[in-house]
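> generate coordinates for the sequence data below:
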Amino acid sequence: MVSWAELEGSWRDRDNIGTNAAVAFDLLATVVRILLHRITEACPLDVCCGHHLAGYGCISSDGRRRRSLSGDRGLLGSILRNLRRLQHSWVEASSSMIDLLTLARRAYSAPVRLLELSLCQLPYFAFVRETAHTRLPLTFQLWFRQYIRGINYGPYWPVHPSSQVVGWRNILVGVETSPGFMPGCYIQAIGQIRIGDYTAIGPNVGIISANHSFDDLRTHEISSVEIGRYCWIGMGAVILPGVTLGDFTMVGAGSVVTKSFPEGRCVIAGNPARVIKVLAAEQCHEYRSDHEYCGFIPKKQFEAFRSRNLFI
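You can find the predicted model right below:
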């Protein structure tokens, strides 16, 4: 017997239409079987031959044989056979539909992929080729989503659709550093935010440079945030205004950083965050990529871009 939970879980699998149809028909047959069995039990028969559940019918008070409501040769059997035929027909039609949809997707994606490969050979899209093997590859899809479709348009680094960046012109990011690249981040730069090279920022991270004033919630008390090089901000961490983190500072998941740790080379965690481990110099390794990009901008061209577009 198929339960509603199994049906619901299968139906969420939208790519497997045949399985969904099979489960739906199985559940429908189960419901029909239960209902007709209840009707059979409640049927006011005077004499029962004892074989009605096997499909041999019942004997009424006038001596006539009555058709069974269940069994392979009864009404239920007929309904179930028709349901099975309908199920097989639907599954076959669904399989053909899936093949057509797959063919249509391939027919659509082939020229799009060919166009993408052609565009990526242009000098403008050098970042696609040169960052392909870095920790933070910059793909054509990221660029297209942000600058053509306009999702999180503005920041010069890739930002996930579910993340939000406020005041991107007040944010200075280093090489291979993309605050908001992971989902669910909130980067608020009413004040200035500086983040160094090769710093990794996990999902659901909040970096806040200004708080509401206690006297008037319409105004902000503006501060700044500075995060060094080679830092790691774990998932769900919150960096509050006025915080400075030195190089190689590792922030544990879910931490709330309320004060500065400018010395760096440490692991901090908790609410409020505190030092739980000091890192030795030999544990902190610096590295550089062959081709360095600050967001989508080559590092060699970044200073010119900064002077034209940023307020920091």
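
> use CA for all of it now, contacts and neighbours both
Fine.

> low pLDDT regions in the stretch 1-150 of the chain?
For the stretch 1-150 of the chain, the stretches with pLDDT under 70 are 1-98, 100, 108.

> burial check on residue 215, number of neighbours?
Using other CA atoms under 10 Å, residue 215 is surrounded by 8 other residues.

> what's the answer for residue 278, then?
By other CA under 10 Å, 12 other residues sit near residue 278.

> which parts of the stretch 51-200 of the chain are strands?
58-59, 65-66, 164-166, 171-173, 186-188, 192-195, 200-201 (DSSP state E, counting those that start in this stretch).

> and the fifth one, what does it pack against?
Counting contacts by 3 or more CA pairs under 8 Å, 6 or more residues apart in numbering; DSSP states H and E, the secondary-structure elements packed against strand 186-188 are strand 164-166, strand 206-208.

> quick one: closest of the ones you listed to residue 115.
Among these, strand 164-166 comes nearest to residue 115, with 29.9 Å by CA to CA.

> flag every buried residue along the closest one.
Of the residues in strand 164-166, 164-165 count as buried by neighbour count, 16 or more other CA atoms under 10 Å.

> quick one: strands adjacent to that strand?
strand 186-188 (parallel) (DSSP bridges).

> mind putting the helices and strands packed on strand 186-188 in JSON lines, distance to residue 251 included?
As requested, the helices and strands packed on strand 186-188 are exported to JSON lines (distance: least, CA to CA, whole Å):
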{"stretch": "strand 164-166", "distance to residue 251": "21"}
{"stretch": "strand 206-208", "distance to residue 251": "12"}
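
> those strands: which one's closest to residue 273?
If you check each of these against residue 273 by CA to CA, strand 206-208 wins as the nearest, at 14.3 Å.

> report all helices and strands that the closest one contacts.
With contacts defined as 3+ CA pairs under 8 Å, 6+ apart, the packing partners of strand 206-208 are strand 186-188, strand 238-239.

> point out the most buried one among these.
Highest mean neighbour count among the helices and strands packed on strand 206-208 (mean count of other CA atoms under 10 Å): strand 238-239, with a mean of 26.

> now do the contacts for residue 190.
Residue 190 makes contact with 166-167, 170, 209-210, 222 under the criterion CA atoms under 8 Å, 6 or more residues apart in numbering.

> which among those count as buried?
Among the contacts of residue 190, the ones that count as buried by 16+ other CA under 10 Å are 167, 170, 209-210, 222.

> out of those residues, which is nearest to residue 144?
residue 167 (21.4 Å).

> distance of the closest one relative to residue 156?
With the distance defined as CA to CA, to the nearest Å, residue 167 ends up 12 Å from residue 156.

> cool, residue 297 as well?
Separation of residue 297 from residue 156 (CA to CA): 7 Å.

> out of the two, which sits in the busier spot?
Neighbours were counted for residue 297 and for residue 156 using other CA under 10 Å; residue 156 has more, 21 against 17.

> what's around the nearest residue in space to the more buried one that is not next to it in sequence, how many residues?
Spatial nearest neighbour of residue 156, chain neighbours left out: residue 295 (5.5 Å); criterion: CA to CA, 6 or more residues apart in numbering. Close neighbours of residue 295, defined as other CA under 10 Å, add up to 23.

> how about residue 295, what does it touch?
Neighbours of residue 295 in contact, by CA under 8 Å, 6+ apart: 156-158, 173-178.

> how about residue 177?
Contacts for residue 177 (CA under 8 Å, 6+ apart) come out as 195-201, 294-295.

> next: residue 198.
With contacts defined as CA under 8 Å, 6+ apart, the neighbours of residue 198 are 174-177, 229-231.

> nearest to residue 140, of these?
Nearest member of these to residue 140, counting by CA to CA, is residue 176, at 16.2 Å.

> quick check: phi and psi on the closest one?
Dihedral pair for residue 176: phi 50, psi 40, per degrees, to the nearest 10.

> that one and residue 283, how far apart?
21 Å.

> between the two, which one's more packed in?
When residue 176 and residue 283 are compared for neighbours, residue 176 comes out ahead with 25 against 9, by other CA under 10 Å.

> how about that one, nearest residue that isn't a chain neighbour?
Nearest one to residue 176, counting by CA to CA, 6+ apart, is residue 198 at 5.1 Å.

> got it, and residue 158?
Nearest residue to residue 158, sequence neighbours excluded (CA to CA, 6+ apart): residue 181, at 5.8 Å.

> contact partners of the helix or strand containing residue 221?
Residue 221 belongs to strand 220-222 when assigned by DSSP states H and E. Identification of contacts with strand 220-222 by CA under 8 Å, 6+ apart yields 190-191, 209-213, 241.

> mind doing that once more with 10 Å?
Contacts to strand 220-222, defined as CA atoms under 10 Å, 6 or more residues apart in numbering, come from residues 189-192, 208-214, 241-242.

> for residue 166, what are its contacts?
Contacts of residue 166 (CA under 10 Å, 6+ apart): 154-155, 186-190, 208.
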